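> All I have is the shape, not the residue letters:
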């Protein structure tokens, strides 16, 4: 006969795609999630026992007959978000609503969104095969990771992200532990064998191309720039000089913007309500101190990449436009009167890279892989390449140990910086490059 399914109300919309490079692309609907066949995937009943799965009270109006595919006729199968599943599980154990919400809200908003999106993709994969996503087992999980690797062609680092996100959810609903599954570990060893990690990857794009374009028209002379190009140049040079994340650049507070009387130094500080990715609430706020290149380069040509020079022009040009806006960087569109979002700042950085490459090396534009976080990697790598001490670099980038830098940020600059010899002085990660 026909199967019966309890339909759960969807309480909020959620991102719906697999993300290969975290933080780089916005999530979108993926129509190809069912490309992998069903061979070798066993029902979840073979797995280990539950801690317990969240239950849902139902009534006669919730029960619908389904088609042979397992989906209700004329409707999509509804499901719970990761947050809803975790909160419901904690509530069933006896935690109050407020306490349960606090427990599952320990991660930053960006991490919550990523974990939620990865859980949604896993849950959709299970739904298409009529498996209970809260009842995982070894065969089921190995086939899911194989699907991500073979069909979706995700990298090993992205698969490790899925493994972490799913396991942090499983601990609330089942006794199954991905980290203790030998079959999953063996599968990941196989992934590593055929997709070995490159220790030092080349840059995604050439920093010297961007900097060369920024000292030429249409980015100079700086006092003649329209606000749009002045914004692009200033945001990029500040991001490079501070090695700050785009979220930190976005959070810079105009009310805390301070400069010396002769503009030889500026101090930048984020809003009081901002916490950086690796910052705790008890930590002191990060203050960026940027020294002008005037002391190092008296000639105007040698100061065209000075972030303080760009900030001074930007500050003077936007002062009358700010009104009640709190952020240092504002929209260059006269129609936007509110503070811009973090994604807008990231888009400014990416557009700068694309525009400058189009000016210097237009033939390479179609091959560019641009994300805003690459600037932080290039800033740190260039500073390290110019013999800044590792201790100073870790301090400037707020890393606790060198493993973070060497494993995730260090770039091989041997095949980059083609136009380095044509550049004036510039600042990377708090270090002046001659």
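Done, it's in. This structure is a prediction, so every number in the text was calculated from the model and none was measured. Numbers count the residues shown, from 1 in each chain.

> buried set for the helix or strand hosting residue 110?
Taking DSSP states H and E as the criterion, residue 110 maps to helix 109-128. By 16 or more other Cβ atoms under 10 Å, the buried positions in helix 109-128 come out as 113-128. From N, CA and C alone the C-beta is placed, and that goes for glycine too.

> What's the mean pLDDT across that helix?
Averaged across helix 109-128, the pLDDT comes to 92.

> for it, packing partners?
Contact here means 3 or more Cβ pairs under 8 Å, 6 or more residues apart in numbering; DSSP states H and E; on that basis helix 109-128 packs against helix 82-93, helix 138-150, helix 156-173.

> Please pull out the lowest mean pLDDT helix or strand from the protein.
strand 63-65 (a mean of 33; mean pLDDT, DSSP states H and E).

> In contact with the residue nearest to residue 287 when sequence neighbours are not counted, which residues?
Leaving aside its chain neighbours, residue 287 sits nearest to residue 269 (5.0 Å; criterion: Cβ to Cβ, 6 or more residues apart in numbering). Residue 269 makes contact with 252-253, 256, 285-288, according to Cβ atoms under 8 Å, 6 or more residues apart in numbering.

> if we can go back for a sec, out of the helices and strands packed on helix 109-128, which comes closest to residue 330?
Residue 330 lies closest, by Cβ to Cβ, to one member of those: helix 82-93, at 32.7 Å.

> Was I right to think residue 377 contacts residue 411?
Yes: with contact defined as Cβ atoms under 8 Å, residue 377 and residue 411 form a contacting pair (5.6 Å).

> Name the residues contacting each of those two.
In contact with both residue 377 and residue 411: residue 203, using Cβ under 8 Å, 6+ apart.

> follow-up on the earlier one: wait, which of the buried residues of helix 109-128 is closest to residue 223?
Residue 223 lies nearest to residue 113 out of the buried residues of helix 109-128, by Cβ to Cβ, at 40.8 Å.

> Reduced to three states, what does residue 289 come out as?
Recorded secondary structure, residue 289: strand (DSSP: H, G, I helix; E, B strand; the rest coil).

> quick thing: my sequence starts at 27, can you match it?
Sure, I'll start counting at 27 from here, so that last one is residue 315.

> And it, how close does it get to residue 415?
Per Cβ to Cβ, to the nearest Å, residue 315 is found 17 Å from residue 415.

> Which residue ranges of the stretch 327-460 of the chain form helices?
Using DSSP state H, counting those that start in this stretch, the helices of the stretch 327-460 of the chain run over 333-344, 368-386, 399-411, 416-423, 428-430.

> picking that back up, so which of the contacts of residue 295 is the most crowded?
residue 278 (23 neighbours; other Cβ atoms under 10 Å).

> my guess is it meets residue 365, correct?
No: with contact defined as Cβ under 8 Å, residue 278 does not count as touching residue 365 (11.2 Å).

> hey, what's in contact with both of those two?
Common neighbours of residue 278 and residue 365 (Cβ under 8 Å, 6+ apart) are residue 353.

> so can I have TSV of the helices of the stretch 327-460 of the chain showing mean pLDDT, distance to residue 272 and mean neighbour count?
Shown next, in TSV, are the helices of the stretch 327-460 of the chain (pLDDT from 0 to 100; distance: least, Cβ to Cβ, whole Å; neighbours: other Cβ atoms under 10 Å):
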stretch	mean pLDDT	distance to residue 272	mean neighbour count
helix 333-344	97	16	20
helix 368-386	95	4	19
helix 399-411	92	7	23
helix 416-423	88	14	16
helix 428-430	82	18	13
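
> what's the closest of the ones you listed to residue 454?
Of the helices of the stretch 327-460 of the chain, the one closest to residue 454 (Cβ to Cβ) turns out to be helix 399-411, at 4.4 Å.

> which other helices and strands contact the closest one?
helix 253-268, helix 416-423, strand 452-454, strand 457-459.

> gap between residue 351 and residue 451?
32 Å.

> quick revisit: which one, of the helices of the stretch 327-460 of the chain, ends up nearest to residue 184?
Residue 184 sits nearest to helix 399-411 of all these, at 14.6 Å, using Cβ to Cβ.

> Show me where the chain dips below the pLDDT cut-off.
For the chain, the stretches flagged by pLDDT under 70 are 27-104, 223-226, 322-324.

> how does it look with 80?
Low-confidence segments of the chain, defined by pLDDT under 80: 27-105, 221-227, 303-304, 306-307, 321-326, 390-393, 433, 440-443, 460.

> Leaving aside the residues adjacent along the chain, what's closest to residue 425?
Nearest non-adjacent residue to residue 425, counting by Cβ to Cβ, 6+ apart: residue 431, 5.7 Å away.

> show me the contacts for the one you found.
Taking Cβ under 8 Å, 6+ apart, we find residue 431 in contact with 406, 410, 416, 419-420, 423, 425.

> What is the neighbour count of the nearest residue to residue 360 once chain neighbours are set aside?
Excluding its sequence neighbours, the residue lying closest to residue 360 (Cβ to Cβ, 6+ apart) is residue 347, at 8.0 Å. Residue 347: 13 surrounding residues under other Cβ under 10 Å.
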